[in-house]
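> sequence and predicted structure, then a few things I'm wondering about:
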Amino acid sequence: MALAWPWNWPYLNAMVQPISTQHGMIAAPRPQGRVASAIVWGAASLGGLAVCGAAALWFHYGTTVFFEMIAAGISACF
């Protein structure tokens with residue numbers, strides 16, 4: 001089956017237009033920087049709190065408790 005019959009060529013010729021790349025381009029919107037920044041700062045804050053908490057427990061209970069916890073975790077895995 002033919003794409004177009006001979007009497008439809010004027011219709012198809014009117015449909016064929018060159019694609020203009022300069023006039024039709026629209027700049028993509030920038031991603032929301034505030035949301036990404038808030039997520040990064042929140043993650044950094046939680047990470048900092050976790051490190052400070054671990055350091056406080058380390059100084060309070062000593063290294064023995066931490067090494068026993070790590071050894072218990074490894075033995076539980078294997």
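Here it is on my side, so go on.

> please, where are all the helices along this structure?
Secondary structure of the chain (DSSP state H): helices at 9-15, 33-61, 63-77.

> for the ones you listed, give me CSV that also has mean neighbour count and mean pLDDT.
Any C-beta I mention is one placed from the backbone N, CA and C, and that applies to glycine too. As requested, these are exported to CSV (neighbours: other Cβ atoms under 10 Å; pLDDT from 0 to 100):
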stretch, mean neighbour count, mean pLDDT
helix 9-15, 9, 62
helix 33-61, 10, 90
helix 63-77, 10, 84
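
> do you know how far Cys52 is from Phe59?
Applying Cβ to Cβ, to the nearest Å, the value for Cys52 to Phe59 is 11 Å.

> an error on my part: the question was meant for Met69.
15 Å.

> can you check Ile74 too?
23 Å.

> next: Gly73.
21 Å.

> same check on Ser37?
33 Å.
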